[in-house]
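Student: predicted model and sequence follow; I will ask about them next.
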Amino acid sequence: MFIQVFFIPSGGSRPLLTWDETNLPEIDESTWKFGAQVWPMELLKNTNAGVDIFLVLQSEFIEEIYDAAIIGDILRCARMYTWGANIYVVVDQSLDRRRGQHHIQMARENFFKVLDDHRITDILEASIQGAEIEEIPLRLFPATARSRNRRKHLQDLAALGEWRCYLNQPPATVASFLEPFRDISLNSDDKNYLLVPLEERKFHRDSMSPLDFVKSAFAEHQGGSFAVGYLDETSLPPPDDLQRLCKERGCQILEFRGLFELHYFLQTLTAIFKKRLPALEDGEDFVRLADKVRFHPAVQPTVLITHSFTPDDDVEQCSEAARDAYEITQRLPSHCRIVVYPAINCEVLPDLVEPLRDLTAWVHIGHGESALGLRESGQATVFKTPQQWLECFLIDEEFNRSLALVCFACCQSAEVARLFAASGVHVAVGFTTDIEVTLCRAVSKEVVVAAAAGHGDRNKILAAFRRGRSRLKGITNSNPKAVAFFSGH
């Protein structure tokens, strides 16, 4: 097996960077480090630019595709050096038609677990086997659009409760592939069902048409909600009669090219539901939301991570900053909202934070000088004063009353931290001396996780700061000094 890596602008099809990982299990980490500059460079050209990462698994052997150790290593590199960008794993759409997979069921389960552990965006199926490298991005474009359409419904579907998969007369191999999520009948009124009408006569000559199968399920099950998973290898849309029926019933149609896409969607949907629902004990029960909801849970914690990249940064500087962001995000609670912007300046920052009305923590990674302030992205000589950075948050009187933490992982950033604390931030962390970014994370990881997990509790953030500062003293003799400021606000 070899893996083709593509960095492609979000919504585009022309790669910004591509290479092949051919020496597996050895991984070309130096190229991944270089890739850490790709998204920041795009943001300097277009402040709204996004970059998606595609890992195209090329092999004729399903056993190689399921090599969880190799997939895990490549995903670790991808996560570490791409600033939280969308990461898609791509397989050829013919793979799930290959029979005789019963003997590698455990390998398949481990494969999907690794994808989940590394929080990939989605798995895609496309016709990639034997395709020229120039053709592959064009074939990924419609697969990515399908994925976006599916994923935008995940949270709303999970809010309805538990979901199971129901298929019409699946062959043994299909049933085995979807076994963790499949019910053999519509036997529970308190469950929701994703109906998967297999293509007519593809597997059984006497199987029902997609329309008849969905009608039959609607008539049989009067309990929970339905969605339809339309599984088809072609690029054709679902039949018109099926679309009309689902529209009449308010039933969402989700399109899949194969079992890999369907499995990962169900896996993700189940994981979101379970994270929302604690383990139940005697006397406890889950209830379905009413049509009109009057009360809402506390706002989820939100963490903003920025970096002041410039083209003058060397590869090591940028890749270590990307790794710093990775180290932080890996430890944040699963329900935390994370926003990453790796090429920030004072012109962009107000637009970035304006929608984040309940921002919990801001972490900034970059360069600072006590006499000048913090450096902006773009040209290495452009610094903005502490007051100019603070003014990016002064949008209106009601804004950011929830900001519990700012952490400046920058040299000589104590004065800007002091100003933010004096303006009401619960805790502001900076450094009085020069410090390497690799050392900053000893402190930043601790305080950010404490802010997100502790709902901004000042005492928990300060306790985390003290732990981080002690760890920092234990890993270096250069005596960098981390400082924390807080007011009586």
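Tutor: Good, I have the coordinates. Residues are numbered from 1 along each chain as shown.

Student: can you list contacts of stretch 358-365?
Tutor: For stretch 358-365, contacts defined as C-beta atoms under 8 Å, 6 or more residues apart in numbering pick out 299, 301-308, 321, 324-325, 328, 344, 353, 374, 400, 402-410, 437, 440, 444, 447-448, 451-452, 455-456. From N, CA and C alone the C-beta is placed, and that goes for glycine too.

Student: err, stretch 376-384, not the other one
Tutor: Outside of stretch 376-384, the residues within contact range by C-beta under 8 Å, 6+ apart are 40, 43-44, 307-310, 312-313, 343-346, 369, 372-375.

Student: looking at these, which are in helices?
Tutor: If you go by DSSP state H, the contacts of stretch 376-384 have P40, L43, L44 in helices.

Student: next structured bit after the helix or strand harbouring S176?
Tutor: S176 belongs to helix 172-177 when assigned by DSSP states H and E. Remark: after helix 172-177, the chain's next helix or strand is strand 192-196, criterion DSSP H and E.

Student: give the partner strands of that following strand in its sheet and their orientations.
Tutor: Here strand 192-196 has these sheet partners by DSSP bridges: strand 163-167 (parallel), strand 226-231 (parallel).

Student: can you show me the CA trace of that strand as CSV?
Tutor: What follows is strand 192-196 as a C-alpha-only set of coordinates in CSV (Å, rounded to 0.1, in the frame of the first residue of the first chain):
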residue,chain,number,x,y,z
ASN,A,192,-34.8,6.2,15.3
TYR,A,193,-34.0,4.4,12.1
LEU,A,194,-31.7,5.1,9.1
LEU,A,195,-33.5,3.2,6.4
VAL,A,196,-31.0,1.8,3.8
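
Student: put the buried members of the contacts of stretch 358-365 into a ChimeraX selection.
Tutor: Buried residues within these, by 16 or more other C-beta atoms under 10 Å, are selected in ChimeraX with:
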select :301,302,303,304,305,306,307,308,321,324,325,328,344,353,374,400,402,403,404,405,406,407,408,409,410,437,440,444,447,448,451,452,456
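
Student: which parts of stretch 427-443 are buried?
Tutor: Per 16+ other C-beta under 10 Å, stretch 427-443 contains these buried residues: 427-432, 435, 437, 439-443.

Student: let me fix that, I meant to ask about stretch 310-319.
Tutor: By 16+ other C-beta under 10 Å, the buried positions in stretch 310-319 come out as T310, D313, Q317, C318, S319.

Student: stretch 53-65 too?
Tutor: I53, F54, L55, V56, L57, Q58, S59, I62, I65.

Student: so V447 makes contact with F408?
Tutor: No - in this structure, V447 is not within contact of F408 by C-beta atoms under 8 Å, at 11.1 Å.

Student: overlap in contacts, these two.
Tutor: V429.

Student: of the contacts of stretch 358-365, which belong to strands?
Tutor: T302, V303, L304, I305, T306, H307, L374, L405, V406, C407, F408, A409 (DSSP state E).

Student: tell me the bridge partners for the residue nearest to the second one when sequence neighbours are not counted.
Tutor: What sits nearest to V303 in space, not counting adjacent residues and going by C-beta to C-beta, 6 or more residues apart in numbering, is A361, at 4.8 Å. Residues in a beta bridge with A361, per DSSP bridges, are V303, L405.

Student: A361 and V299, how far apart?
Tutor: Per C-beta to C-beta, to the nearest Å, A361 is found 13 Å from V299.

Student: how about L472?
Tutor: 31 Å.

Student: dump the buried residues of stretch 53-65 into CSV; add pLDDT and secondary structure as well.
Tutor: Output for the buried residues of stretch 53-65, formatted as CSV (pLDDT from 0 to 100; DSSP: H, G, I helix; E, B strand; the rest coil):
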residue, pLDDT, secondary structure
I53, 97, strand
F54, 98, strand
L55, 97, strand
V56, 96, strand
L57, 95, strand
Q58, 92, strand
S59, 88, coil
I62, 84, helix
I65, 90, helix
